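Enquirer: Need coordinates for the following:
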Amino acid sequence: MSNVIKLNPEIREAIIESGGQDVIKCYQCGRCMAACPWNLLENTEYATYRFCQRIRLGAIIDSEEKEDIAADTIDVFRCVGCDSCRRECPRGVSLSDVLRAVRRILVDYDSYPSELKSVISRLYSTGNPLGESAEQRSAWADELGVPRFDGNYEYLYFACCIPSYDSRTQIVAKATAALLKKAHVSFGILGEQEFCCGEAVRRVGAEKVFQTAMKCNIDSFNKNHVKKILTTSPHCQLTFTKEYTDKDPDIASVHVTQLFSHLIIKKRLVPKYPINKKVVYHDPCTLGRQLDIYDEPRAILKSIPGLKLVEVPVFNRELSVCCGAGAMGLWRDWPQDERLAHFRAQQILKTGADVLVVACPYCLQMLEETMKSLNASIEIMDIAEILWSSVAGPEQEKIDEAA
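Expert: Purely as a prediction, here's the structure:
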């Protein structure tokens with residue numbers, strides 16, 4: 001009798017009310033498991049198709065045994081929200097939303113991974129997941145003379161927390177600002193008035209912290225008469241597009257790859273210095289599957305003289321494999337044989353490319369660190385960096401020195 005599963009309809013209803021309504025649509029075909037990147041790893045089996053059935057039965061996170069709760073917690077927080085499963089699902093079940101609903105309950109009961117608790121605490125207290133001071137958020141821009149935003153500028157450039165503080169990724173923000181200036185785009189930044197967009201904390205279930213972040217930013221946007229936002233991070237772009245507009249429908253946002261592609265077409269940015277290298281582009285999950293931005297990054301790269309663009313066979317565009325950084329995976333420490341970034345890096349290296357180009361700060365950090373651990377000689381660049389190299393030529397050195 002000890003193996004009999006106890007059913008708890010209260011758990012089921014709590015999960016559905018927290019945003020897990022899609023469990024009703026699932027009919028257990030199992031196609032989500034085939035699509036999940038975790039199941040591409042040899043030593044990992046992630047039975048995603050079982051979640052909806054267990055939730056419908058009320059047979060999840062309700063055990064009285066600590067070991068069972070711990071096992072459920074690991075599985076629930078393993079999902080990186082890449083939406084490969086949703087793309088494959090014949091009924092469009094958003095398993096990442098379903099698991100976010102389960103996570104909300106676990107977070108409310110303080111039963112979630114300790115490393116995530118630390119990140120959420122830092123974000124709540126300082127406005128960014130790194131725990132840095134708000135006053136330093138705009139330090140990367142000071143020496144470039146980037147103006148403070150007011151209602152007279154067309155775009156608010158929202159650089160994202162990682163490019164604002166991380167020394168390596170700051171080069172991305174600097175290259176972006178340099179390109180915008182080169183194209184005479186009207187833009188400014190809010191600096192210390194910005195709060196993290198909150199996308200990652202919402203994915204892991206910290207809904208109250210997300211609501212705080214969203215309110216802080218919307219209040220700041222309204223105070224400063226922001227109407228258009230330019231984003232570096234696809235995660236910021238997704239959140240502003242899908243979540244913030246429910247609260248403030250007047251705010252519009254665009255990703256830098258969309259704007260850069262447009263500026264190249266209009267000849268306001270002209271890539272003229274050749275980059276005679278073989279380049280492979282990695283489609284970020286959020287920019288690709290979730291925002292449907294595939295062509296603009298490739299158009300940018302194809303506009304650069306001398307550059308030869310190659311693709312990861314099969315696993316490109318909507319079939320791109322997640323780097324593992326989503327849903328705060330950037331702060332998780334999995335064993336090496338359980339790292340999605342390691343698997344993705346091996347796929348990329350097989351293309352023989354000289355340069356890997358990304359369009360997401362999370363992907364940049366994950367894949368750069370992974371390539372270093374593999375002692376791979378491939379260079380990793382954000383799309384803003386490689387575009388600036390071709391547009392500015394020798395001026396590129398100024399950006400590197402400033403960083």
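
Enquirer: following the lengthiest helix in the chain, which helix or strand comes up?
Expert: Scanning the chain for the longest helix, with DSSP state H as the assignment, gives helix 207-223. Counting by DSSP states H and E, the next helix or strand C-terminal to helix 207-223 is strand 228-231.

Enquirer: quick one: that following strand to chain centroid distance?
Expert: Offset of strand 228-231 from its chain centre (C-alpha atoms, centre = their mean, to the nearest Å): 16 Å.

Enquirer: List the neighbouring strands of that strand plus their orientation.
Expert: strand 155-158 (parallel), strand 252-255 (parallel) (DSSP bridges).

Enquirer: Tell me which other helices or strands whatever helix or strand comes next after the first one touches.
Expert: The helix or strand immediately downstream of strand 155-158 is helix 161-165, counting by DSSP H and E. In this structure, helix 161-165 makes packing contacts with helix 170-182, helix 361-373, judged by 3 or more C-beta pairs under 8 Å, 6 or more residues apart in numbering; DSSP states H and E. C-beta coordinates here come from the backbone N, C-alpha and C atoms, glycine included.

Enquirer: Could you check how far Gly151 is from Ala141?
Expert: From Gly151 over to Ala141 the distance is 19 Å, taken as C-beta to C-beta, to the nearest Å.

Enquirer: out of these two, which sits in the more crowded spot?
Expert: Neighbour totals were compared for Gly151 and Ala141, and Ala141 leads with 21 against 9 (other C-beta atoms under 10 Å).

Enquirer: For Arg12, find the nearest of the helices and strands packed on helix 161-165.
Expert: helix 361-373 (32.9 Å; C-beta to C-beta).

Enquirer: Let me know which of the strands paired with strand 228-231 is tucked in deepest.
Expert: Sort these by mean neighbour count, taking mean count of other C-beta atoms under 10 Å, and strand 155-158 sits at the top with a mean of 23.

Enquirer: Could I have the CA atoms of that strand written out in CSV?
Expert: Provided in CSV are the C-alpha atoms of strand 155-158 (Å, rounded to 0.1, in the frame of the first residue of the first chain):
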residue,chain,number,x,y,z
TYR,A,155,14.0,55.7,-28.0
LEU,A,156,14.8,54.7,-24.5
TYR,A,157,17.7,52.3,-24.7
PHE,A,158,17.1,49.6,-22.1
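
Enquirer: Just the residues contacting that strand, thanks.
Expert: For strand 155-158, the surrounding residues in contact (C-beta atoms under 8 Å, 6 or more residues apart in numbering) are 146, 149, 176-177, 180, 185-190, 194, 197, 221, 224, 226, 228-232, 236, 240, 253.
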